[in-house]
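In: task: produce atomic coordinates for the following.
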Amino acid sequence: MTGGLRGPVAAEIEKRLIAALSPTRLDVADDSELHRGHAGHDARGESHFTVRIEADAFAGQSRVQRQRMVNRALADLLAERVHALAIVARAPGEPQ
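Out: Okay, here's the model as predicted:
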C-alpha cells in the first residue's frame, strides 16, 4: 500500500480503508500543502487528501456508491479532522 513517511491522519485513513475494503491497491496522498492559505487549511497539516483505491468490493458499484463506501469507513475523520477528500475508486481490471 502507501509507502514512505506519512502523518498520523494519513496512516489512520490507510488503516481504516484496508480494514473496511481490503484493497488490492491503495495510495493515500496528503495534499494539504497545496491548500495552504485556502479555506479549510489546518495549520496542523493533514487536512486535504487524495485516495486512490482499487478493491473487489467496488465491482458492480456506481461511482457514488463507491465514494459512499469510502466515506463510511472514514466518517468521523471527515467530520472532525479532514477538510477535503478526493476519491478515485476502481474495481480490479477497470481502466485507470
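In: use CA for all of it now, contacts and neighbours both
Out: Will do.
In: report the longest helix in this structure, please.
Out: Using DSSP state H to define each element, the chain has its longest helix at helix 8-21.
In: and after that one, which helix or strand comes next?
Out: strand 25-30 (DSSP states H and E).
In: and the angle for the first helix or strand past that next one going along the chain with strand 25-30?
Out: Per DSSP H and E, the first helix or strand lying C-terminal to strand 25-30 is strand 48-54. Here strand 48-54 runs at 180 degrees with respect to strand 25-30, directions being taken by axes from the mean of the first three to the mean of the last three C-alpha atoms, to 10 degrees.
In: output the contacting helices and strands for whichever helix or strand comes after strand 48-54.
Out: Next helix or strand after strand 48-54 toward the C-terminus (DSSP H and E): helix 63-73. On a contact count with 3 or more C-alpha pairs under 8 Å, 6 or more residues apart in numbering; DSSP states H and E, helix 63-73 meets helix 8-21, strand 84-90.
In: the ones you listed: which one's closest to Val51?
Out: strand 84-90 (5.0 Å; C-alpha to C-alpha).
In: and the nearest residue to Arg66 once chain neighbours are set aside, what does it touch?
Out: The shortest distance from Arg66 to any non-neighbouring residue, by C-alpha to C-alpha, 6 or more residues apart in numbering, is to Phe58 (6.0 Å). By C-alpha atoms under 8 Å, 6 or more residues apart in numbering, the residues touching Phe58 are Arg66, Ala89, Arg90, Ala91.
In: what does Asp31 give?
Out: Contact analysis of Asp31 by C-alpha under 8 Å, 6+ apart lists Glu46, Ser47, His48, Phe49, Thr50.
In: cool, Arg81 as well?
Out: By C-alpha under 8 Å, 6+ apart, the contact set of Arg81 is Ser47.
In: and it, what pLDDT?
Out: Residue-level confidence at Arg81 comes out at 88, pLDDT.
In: and if you look at Leu5?
Out: We have a pLDDT of 58 for Leu5.
In: now swap in the one 10 residues further on and tell me
Out: Lys15 carries a pLDDT value of 97.
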